[in-house]
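Participant: Give me a 3D structure for the following:
(chains A, B, C and D)
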Protein chains: 4
Amino acid sequence: MYFDKYGPIKYEGKLSNNPFSFKYYNKDEMILGKPMKEHLKFSMAYWHTMTGAGTDPFGAETIDRPWDDVNLSGIDQAKARINAAFEFMQVMGFEYFCFHDRDIAPEGKNLAETNKNLDEIVDLIEKKMAETGIKLLWGTANAFGHKRYVNGASTSPNADVFAYAAAQIKKAIEITKRLNGSGYVFWGGREGYETLLNTNMKLEQENFARLLQMAVDYAKKIGFDGQFYIEPKPKEPTKHQYDFDCATVISFLVKYNLDKHFKLNIETNHATLAMHTINHEIRIAADNNMLGSVDANQGDLLLGWDTDQFPTNIYDTTLVMYEIIRAGGLKTGGLNFDAKPRRASFELDDMLLSHIAGMDAFAAGLRIAAKLWEDQILEINLENRYSSYKSGIGKKIINREVGFIELESYVFNKIEMDKNESGKQEYLESIINQYILK
Amino acid sequence: MYFDKYGPIKYEGKLSNNPFSFKYYNKDEMILGKPMKEHLKFSMAYWHTMTGAGTDPFGAETIDRPWDDVNLSGIDQAKARINAAFEFMQVMGFEYFCFHDRDIAPEGKNLAETNKNLDEIVDLIEKKMAETGIKLLWGTANAFGHKRYVNGASTSPNADVFAYAAAQIKKAIEITKRLNGSGYVFWGGREGYETLLNTNMKLEQENFARLLQMAVDYAKKIGFDGQFYIEPKPKEPTKHQYDFDCATVISFLVKYNLDKHFKLNIETNHATLAMHTINHEIRIAADNNMLGSVDANQGDLLLGWDTDQFPTNIYDTTLVMYEIIRAGGLKTGGLNFDAKPRRASFELDDMLLSHIAGMDAFAAGLRIAAKLWEDQILEINLENRYSSYKSGIGKKIINREVGFIELESYVFNKIEMDKNESGKQEYLESIINQYILK
Amino acid sequence: MYFDKYGPIKYEGKLSNNPFSFKYYNKDEMILGKPMKEHLKFSMAYWHTMTGAGTDPFGAETIDRPWDDVNLSGIDQAKARINAAFEFMQVMGFEYFCFHDRDIAPEGKNLAETNKNLDEIVDLIEKKMAETGIKLLWGTANAFGHKRYVNGASTSPNADVFAYAAAQIKKAIEITKRLNGSGYVFWGGREGYETLLNTNMKLEQENFARLLQMAVDYAKKIGFDGQFYIEPKPKEPTKHQYDFDCATVISFLVKYNLDKHFKLNIETNHATLAMHTINHEIRIAADNNMLGSVDANQGDLLLGWDTDQFPTNIYDTTLVMYEIIRAGGLKTGGLNFDAKPRRASFELDDMLLSHIAGMDAFAAGLRIAAKLWEDQILEINLENRYSSYKSGIGKKIINREVGFIELESYVFNKIEMDKNESGKQEYLESIINQYILK
Amino acid sequence: MYFDKYGPIKYEGKLSNNPFSFKYYNKDEMILGKPMKEHLKFSMAYWHTMTGAGTDPFGAETIDRPWDDVNLSGIDQAKARINAAFEFMQVMGFEYFCFHDRDIAPEGKNLAETNKNLDEIVDLIEKKMAETGIKLLWGTANAFGHKRYVNGASTSPNADVFAYAAAQIKKAIEITKRLNGSGYVFWGGREGYETLLNTNMKLEQENFARLLQMAVDYAKKIGFDGQFYIEPKPKEPTKHQYDFDCATVISFLVKYNLDKHFKLNIETNHATLAMHTINHEIRIAADNNMLGSVDANQGDLLLGWDTDQFPTNIYDTTLVMYEIIRAGGLKTGGLNFDAKPRRASFELDDMLLSHIAGMDAFAAGLRIAAKLWEDQILEINLENRYSSYKSGIGKKIINREVGFIELESYVFNKIEMDKNESGKQEYLESIINQYILK
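Facilitator: Down below sits the predicted model:
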């Protein structure tokens, strides 16, 4: 209806001049023994794609979608959006989507009414999912936008707000279960502080842990076996967000004995705001067996805020896919486009073109990463680089067979150490280029 | 000898125009029941103060100290510096100092010879300490400057380098013990990576943990009961340093079961490079019972590297001292001036004036923080702000007596939450100003 | 009516515990020969103070003012706000205010109707100004918020948008003239680009110059002799804003022969986003005879976006006032609080407390700066530091009496240069502290 | 001799697995009507390549080149390096190099002796240039490293230092002339300030202008007609460098009437330190007819200092070459590798591999940029995007035929503006990817 003129977007190959075609994403093409689409479980982010309006802190809406009909409001408008969303996903070939509770249905005068609204919309979503085969990658609750969360949700100094957040999240988990979501995400949008002058950080973090424990308990009670994720971000909207980066979140989860129940949902732009590369964050998660899902976007490293741009940098997509392949793939997670067309990309065309740009960038990155993995060029280099730990004194260090005294004896009278070897950074970068360009 | 003309630096009060006097630091004045000097265990950093030469990546030495006599070299020059250092500390009124092994004595052709050099210098230090009553706050090893550490020390891909680092640290702990150091610091200058393309981060971090465990074992064996510290820094010299910030280090220590044996040595400039305030980092450490010692300096937040400036910002010194008071004081640690006079502050006068600037800034900050603490103005605000967790539903949340179901019932039909209250940030900032200015 | 309970805010001195009093701002106190209020021509920023609602990119409104009555809308609500604004300014003792056209009156269905709305509100403002004696510091047009400006105003690729912006600014200048505004500001909110891939930067900048020339021509035609200002900002909302910083704006104005008609309106938070201190930017402007007015606020240097916080940092306010005093004072300009209470400071109390915090911080800064200036402590140091240019070879350099050949002869066989002197940075910083604290 | 085993590096095409071959740089291949090597006038930077030793602020040398023979020192070592440099350039196929005076010859006890050393080395260079056909792209003076420049060179408060800098630069221009350098660069390494508290910025900038005027005068006198360049950098080593970015430098040159005599030497890493993209800086220069030469390197945008890495990012090299093609090519300038192998890339192999990585990245970028230019895909989009200024009201705006009054009439009663069009950022980014990948 809304997307008739675009038809389903098809793979036409890298030489195509048709803007509304995939140049690299060929969903059924086999890569490393499975179809592209299983490597790249692309998900549409309901909030940006269906409700984003192009606002920024200095400007009003620029985007006016046909389904945001002026004659519709409340639950009716919400339903029109659901219809548009499933049509869009079918046109694009999306098999997954993600949402916040408040993206899909309007708030009522109290939680009872709000939940009733949600149920009505979830009925429709369920029907649409059955019709189309589209699946829910993960659900979540928006516990940061409403003014009640001005001082945080579970970390609010106001216990009533904690209670409300808990009740809201309860419902969000229930609908995620009902829709067979394979995961549920916690992004602590206001779980942080503005100034230490007024903050009891210890109590706030303990309360955050209490909320997560309640979620774990409740999921068990109702038999929700989807994966729980935490999504790190260092700052924005609050000055300091408690879920700063992967290392910080892992630390928090371990401290409160929650690490068995959670994995990480890692976002590229959040990684760079924390001054890390996205591949660093994925590696940290994978090394700690905490890799969950990926929010696929990119930031502008010359800007200091979350720009949530569509991912088009081939270096990033290549290295993300390489880390994922290296980690054995995402299990429950996928690649959710937590990305919004630029404010100036306000046309309906841009809605498709921006997703195509992101999907093609990831497909190209996957192809390159797969070749790198097949050739094992980086892995062989690693094997060689660390080979001194495979035998001799290195092996004894690994096996904890030696201590300071033995090691001192080993080096005490040596004039020279075994030769160090170059890290070859420039050469390795040129290899990556060769894989991208050839 | 070198500092005769300056005499001992004395407290002359805030109206003094004598540059070579303290305006705020009055060491025996009682503050919150103990003398200033016990709150402010100032320590001279041997490396910057005694061996710093004003170099930067674009320029050669600007500083030429009288004890760096052209007629001296090697061990003799090292001894001249020790003499100068103790004279300087006496003139300034320092009761503590800190050093790296390689600051105080030259390397020989192998570790055996290097350690012999060290022993000869340590003999002299021991004698000077006995004469002056000056104490060692902490010792450490420089396992980052020499080219053998080009790819890291314990995180080097070269097992021989690990062995060498272990042996070097063994000796550094021994001399710290001999000099009754109250602590020993690990700053992982090269424990990090330049590019993930060539890095086995997991193995490197495990090896880092292995080294720390060896240190714990060896300390126990030789009866060194000083406090071990880790000093976080996010980047520089390596692109990514494993000890990124307090949260990351705590995570690492807990993971490898080392947290009982370590506390944190927190540096202001390292905090800001990690995009945290120094008071945030101290709070994180204190909340986790990991507060150890402080490297007192400051960075320039408009620059992107470690400038190690003398701390002169009264807001910082006030909030640092407030957090320390709030945490019950530093136990084994102190305030070590890991700061260097600017390249252009190359005169001998500047060596004194910069330390005076830093000591006075901390003394003023202590006075202000102590008043804030005595009046409990921030603490009372905190009590009130979080009072909803003292009774009713809040108390049940804290006591884990309620879960999602009970909380949903609590809020389900409510139209309005209990009113949120303002965070009062601007007002609290004006209060801080009033305490600084009055 | 709205502020009855606060009464006029009075100076009670630095020991007062009354939050609703000035501790430092004593408007008639004489400083350097004129009353404080003439040094500190404080202005209320209509947009933040009267229409700000506490939103951020992740959250809805938190602020609900009594004059934003649900029973009012459009022009009636606008009038209620005007009444509240003048009441607030009287309570606070503001003698100046600033506004954007769109802050004060709602847009109609076309410019004709919009201008009619404006006229109706301006009638009311004029009446209020006459009654209260409050003056307009400067007016401006909001040519960045509406979706028509999505690609810029005068730098839009759409000539119709240029035309609309011109017409809107024409009207804004007219009402500024009518209200005897002493200046008119151009902040190029969307005058910049998002990506060079689609940008003809040269044409856009030429068009920007064309618009400014039209403004100059029109002001002359209607006899508006208020000062035109440009307000630099490096980024946000656009990726690159053409008015990056003071140096860039001066370059632009000179290039297009506009520099005689404009001065700069300098904002602290914009300065730091451009990686400059505010005092640097003021110095640049003053050295080029372009110092106009100041937007008084502050940013958080650990965050990467425009936070527009109330200015509470005494170092900043001291150095701003010092540079202003040094430059001979602001002529047509003042100190406009382009600052908003934090999202969590949503109570009516905070509206007053945040302005008090800012006014007191500037008053304290003024007192300190005035003392520094009276004592000439920094100026005497400068005189001495550069004295080598007062005679001998230095004087010849200044007078352009020597060139490379003479200078080579001068140094050719010298073994040593005249001794360089220390920059004394730490000592100077300690002097500033002494002036703040004593 | 030193590079025998590498032989001349040859083009082997994109499928080659030989690390010591070019995959993309095929110097005589015709691109847009001229051979690659004329588009890509690659230059070796003598300082990094021949004298760089892998140091950083926390570590000693890691690089030990065979020509830095322990048996050689002073002028003899300098000569060995010259021999090695020319051998290296021949092996790599470099036709250009750049140097600072102090890179190539040691300082003597005074300028007379230093210049004598220089002359001896320049004799050798001249001979080598004649033998090999290698040319000097530009020369420069190092007026920042020596301690005499601690407070700046021409901006020093010490007039003797100004004199010395002038004399040093005189000689550097003379040898550049003698060696037929096509340009001469001014990088104001210490022309800036550390703290405004001790700085007379106005005098310093005037003195900087005086020095440049002397250089212009002297060049004229001796008939040096090479191009003078200024190289912008915002910070490092000084807190604020006067030559902040292209816009600032142009402003400065225009102010002092020097713009006719200078163009810009633009460095990628300096651009990003100033929060600009390199293509932005080139565009600014080109739009102002100030594009001179390019220092080809790259920084790490997650780090805050000048890393001077070899350029390997294909997006950057593509967009740099696109801007250069668009501007009609570099006239006197080239692509100088102001880049150093990472500290850990200390082997002789890395010296070649890092240059190959950079040259290939630029060659690949050139090929892609040339295709983009041939297809005019971006240019056609620009034509269309700004077409409203080709006729009607837009044309009148351009021709300055209309002012505020006419434009107000034009829009006054319109309900809607002509429709704005999407900026298509995501689509354009996908096009760039398609050109890179296909």
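
Participant: what about whichever residue of the stretch 51-200 of chain A sits closest to chain D, which SS state?
Facilitator: Residue nearest to chain D within the stretch 51-200 of chain A: A:T62 (8.2 Å; Cβ to the nearest Cβ). C-beta coordinates here come from the backbone N, C-alpha and C atoms, glycine included. For A:T62, the assignment made with DSSP: H, G, I helix; E, B strand; the rest coil gives coil.

Participant: what does A:W138 give?
Facilitator: Applying three-state DSSP: A:W138 is strand.

Participant: give me the beta-bridge partners of it?
Facilitator: Counting by DSSP bridges, A:W138 is bridged to A:C98.

Participant: which residue sits closest to A:E374, ignoring its sequence neighbours?
Facilitator: A:L32 (7.2 Å; Cβ to Cβ, 6 or more residues apart in numbering or on different chains).

Participant: tell me the contacts of the nearest residue to the residue of the stretch 51-200 of chain A closest to chain D once chain neighbours are set aside?
Facilitator: Distances taken as Cβ to Cβ, 6+ apart put A:G54 closest to A:T62, at 3.6 Å, once the chain neighbours are dropped. Going by Cβ atoms under 8 Å, 6 or more residues apart in numbering or on different chains, A:G54 touches A:61-63, A:340-341, A:343-344, A:346, C:147, C:150.

Participant: tell me which parts of the stretch 301-438 of chain A are close to chain B?
Facilitator: By the rule Cβ under 8 Å from any Cβ of the partner chain, the part of the stretch 301-438 of chain A lying against chain B is A:319, A:378, A:381-382, A:385-386, A:388-389, A:392-394, A:397-398, A:400, A:403-405, A:407-408, A:410-415, A:417-418, A:420-421, A:423-425, A:428-429, A:432.

Participant: And the residue nearest to A:E374, what's its pLDDT?
Facilitator: Note on A:L32: pLDDT of 98.

Participant: swap in A:M417?
Facilitator: Note for A:M417: predicted pLDDT of 68.

Participant: do the same with A:A141
Facilitator: 98.

Participant: And for A:Y25?
Facilitator: Among the per-residue scores, A:Y25 shows a pLDDT of 98.

Participant: out of everything not next to it in sequence, what's closest to it?
Facilitator: With sequence-adjacent residues excluded and distances taken as Cβ to Cβ, 6+ apart, A:Y25 is closest to A:A363, at 3.7 Å.

Participant: Same check on A:T140?
Facilitator: A:V185 (4.3 Å).

Participant: Any idea what the one you found is bridged to?
Facilitator: A:T140, A:Y229.

Participant: quick one, phi psi at the residue nearest to A:E374?
Facilitator: phi 50, psi 40 (degrees, to the nearest 10).

Participant: any idea whether the residue of the stretch 301-438 of chain A found nearest chain B is helix, strand or coil?
Facilitator: Closest residue of the stretch 301-438 of chain A to chain B, Cβ to the nearest Cβ: A:G394 (2.9 Å). Following three-state DSSP, A:G394 is assigned to helix.

Participant: Also A:F144?
Facilitator: Reduced to three states by three-state DSSP, A:F144 is coil.

Participant: wait, what's in contact with the residue most central in space within chain A?
Facilitator: For chain A, the residue nearest the mean C-alpha position is A:D295 (2.2 Å; Cα atoms, centre = their mean). Counting by Cβ under 8 Å, 6+ apart, A:D295 makes contact with A:45, A:231, A:265-270, A:336, A:338.

Participant: Those in helices, which ones?
Facilitator: Using DSSP state H, the subset of the contacts of A:D295 located in helices is A:268-270.

Participant: By neighbour count, which of the residues you listed wins?
Facilitator: The most neighbours of any of the ones in helices among the contacts of A:D295, using other Cβ atoms under 10 Å in any protein chain shown, belong to A:H270, which has 30 neighbours.
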